[in-house]
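*Asks:* coords please:
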Amino acid sequence: VQLTESGGGLVQAGGSLRLSCAASGRTVSNYGMAWFRQVPGKEREFVVGINWRGISTYSADFVKGRFTISRDNDKNTVYLQMNSLTPEDTAVYYCASQRYLRRGVLRRILDDYDYWGQGTQVTISS
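*Replies:* I've put the predicted structure just below:
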């Protein structure tokens, strides 16, 4: 299984970015998928997730409606649309696949995810 993120970069505060996570070896529509982020010296934290049915999405409190997770089953790809970005959103963003096949509940703990992408750097300038 491989998860490959893309779309990171440098943008000004208030701008937008769209991250992509292309999966191979696993069908994203059978697993919950999530985005996490990490800054140096801090733990990796949950950002947003979508359950395997693609019906329910979950967001961390700091998202405040600015980020949206979506999925394209035909492309086997998950997206993270980020708007109204602030310097506090600067981090490496990781895509992750839940380890449980067709599990209804999507939790925010790292141990629930067995495959991770390599990460993509997002830098927001003030």
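
*Asks:* drop to CA atoms for contacts and neighbour counts, all remaining ones
*Replies:* Noted.

*Asks:* Residue 12: neighbour count?
*Replies:* 14 (other CA atoms under 10 Å).

*Asks:* what is it paired to in the beta sheet?
*Replies:* Beta-bridge partners for residue 12, by DSSP bridges, are residue 125.

*Asks:* Please pull up the helix or strand immediately following the one helix or strand residue 47 maps to.
*Replies:* According to DSSP states H and E, residue 47 maps onto strand 45-50. Moving toward the C-terminus from strand 45-50, the next helix or strand (DSSP H and E) is strand 57-59.

*Asks:* Could you give the bridge partners of the closest residue to residue 49 other than its chain neighbours?
*Replies:* Excluding the flanking residues, the one nearest residue 49 by CA to CA, 6 or more residues apart in numbering is residue 34, at 3.9 Å. Legend: beta-bridge partners of residue 34 under DSSP bridges are residue 49, residue 96.

*Asks:* Contacts only, for residue 34.
*Replies:* Residue 34 makes contacts with 46-50, 95-98, as judged by CA atoms under 8 Å, 6 or more residues apart in numbering.

*Asks:* now for the strand holding residue 47, which elements pack on it?
*Replies:* strand 31-38, strand 57-59, strand 67-72 (3 or more CA pairs under 8 Å, 6 or more residues apart in numbering; DSSP states H and E).

*Asks:* For that strand, what is the distance to the chain centroid?
*Replies:* Relative to its chain's centre, strand 45-50 lies at 6 Å (CA atoms, centre = their mean, to the nearest Å).

*Asks:* got it, and stretch 113-126?
*Replies:* Distance, stretch centre to chain centre, for stretch 113-126: 8 Å (CA atoms, centre = their mean).

*Asks:* cool, stretch 109-116 as well?
*Replies:* 12 Å.

*Asks:* Also stretch 10-23?
*Replies:* When C-alpha coordinates are averaged (CA atoms, centre = their mean), stretch 10-23 and its chain have centres 11 Å apart.

*Asks:* can you give me the end-to-end distance of it?
*Replies:* From its first residue to its last, stretch 10-23 covers 24 Å (CA to CA, to the nearest Å).
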